[in-house]
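**Student:** sequence unavailable; structure follows:
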């Protein structure tokens, strides 16, 4: 894999991280689910959602009026030697609140990602979030 291909793969995987934030906050459950491989997994603090339908249902099941604002930073992607897989890590700062209620909570954490090049493009094969105090 040449340097330009590596940079493109890194950019594509970074875009997945940013798209996840935008779609989760909207919320757009179908779009979030499509960021994953068909058998992809999302580990939300030990609770694992496997497959696109389970991930879609998680986002669709947000309680009415609850809003989120995800911000990912320090995104780092390492493309595998095979050029078809990659690993990533980024820091998470999320705010969550309820419409009509003053104030919100701030949550800090980290995402640990595995990516796979598919016929649909790069997708998460797994995403794990760990919260920080």
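**Tutor:** Structure received. Everything numeric here is computed off the predicted structure, so don't read it as measured data.

**Student:** now the residue nearest in space to the middle of the chain, what's its secondary structure?
**Tutor:** To find the centre residue of the chain, average its C-alpha atoms and take the closest one (Cα atoms, centre = their mean): that gives residue 20, at 4.5 Å. Reduced to three states with DSSP: H, G, I helix; E, B strand; the rest coil, the structure at residue 20 is helix.

**Student:** hang on, it packs against residue 32?
**Tutor:** Yes. Shown here, residue 20 and residue 32 form a contact pair, counting by Cβ atoms under 8 Å, at 6.5 Å. (Glycine included, C-beta is placed from N, CA and C.)

**Student:** just the pLDDT for the residue nearest to the centre of the chain.
**Tutor:** In the predicted model, residue 20 carries a pLDDT score of 98.

**Student:** repeat that for residue 42.
**Tutor:** At residue 42, the predicted lDDT confidence score is 98.

**Student:** tell me the strands beside the helix or strand that contains it, with direction?
**Tutor:** Using DSSP states H and E, residue 42 sits within strand 36-44. If you go by DSSP bridges, strand 36-44 pairs up with strand 47-50 (antiparallel), strand 121-132 (parallel).
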